[in-house]
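Engineer: predicted coordinates and the sequence they were generated for:
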Amino acid sequence: MLNTSQHAGVAETLITRFEHQRLPYLLAIQGRVNAGEALTDADMGFLDRVLSDAMANRHLIHSIPDCQVLFARVTHLYHEITAKALANESRK
């Protein structure tokens, strides 16, 4: 069981990693699919890692309110990207 300061540290680490590493790449992927491009193998691998990491950390996410908000935003962005990518593929 994590104490309060450990929870804060975990939350800060997850949020910082997301903001500086994952969000920029997710937004780049979103920009490409919004422009009509298909997902690359690298994009799909990245999306899989983001989702896998979120699932692996879900016990922490549920116990830290800031992470719950972040998880909801990531889930929404993930859905937008994959829905648009699927629509792009359907048009080919």
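Structural biologist: Great, that's in hand. Residues are numbered from 1 along each chain as shown.
Engineer: elements contacting the host helix or strand of Ala8?
Structural biologist: Ala8 belongs to helix 4-17 when elements are defined using DSSP states H and E. Contact partners of helix 4-17 among helices and strands, from 3 or more Cβ pairs under 8 Å, 6 or more residues apart in numbering; DSSP states H and E: helix 58-63, helix 65-90. To be clear about C-beta, it is placed using only N, CA and C from the backbone, and glycine gets the same treatment.
Engineer: mind running it again at 10 Å?
Structural biologist: helix 41-56, helix 58-63, helix 65-90 (3 or more Cβ pairs under 10 Å, 6 or more residues apart in numbering; DSSP states H and E).
Engineer: centroid-nearest residue for the chain?
Structural biologist: Nearest residue to the geometric centre of the chain (Cα atoms, centre = their mean): Val74, 4.1 Å.
Engineer: tell me the pLDDT at that one?
Structural biologist: Val74 carries a pLDDT value of 85.
Engineer: contacting residues for the residue nearest to it when sequence neighbours are not counted?
Structural biologist: Leaving out its chain neighbours, the residue that sits closest to Val74 by Cβ to Cβ, 6 or more residues apart in numbering is Ala54, at 6.4 Å. Ala54 makes contacts with 14, 18, 61, 67, 70-71, 74-75, 78, as judged by Cβ atoms under 10 Å, 6 or more residues apart in numbering.
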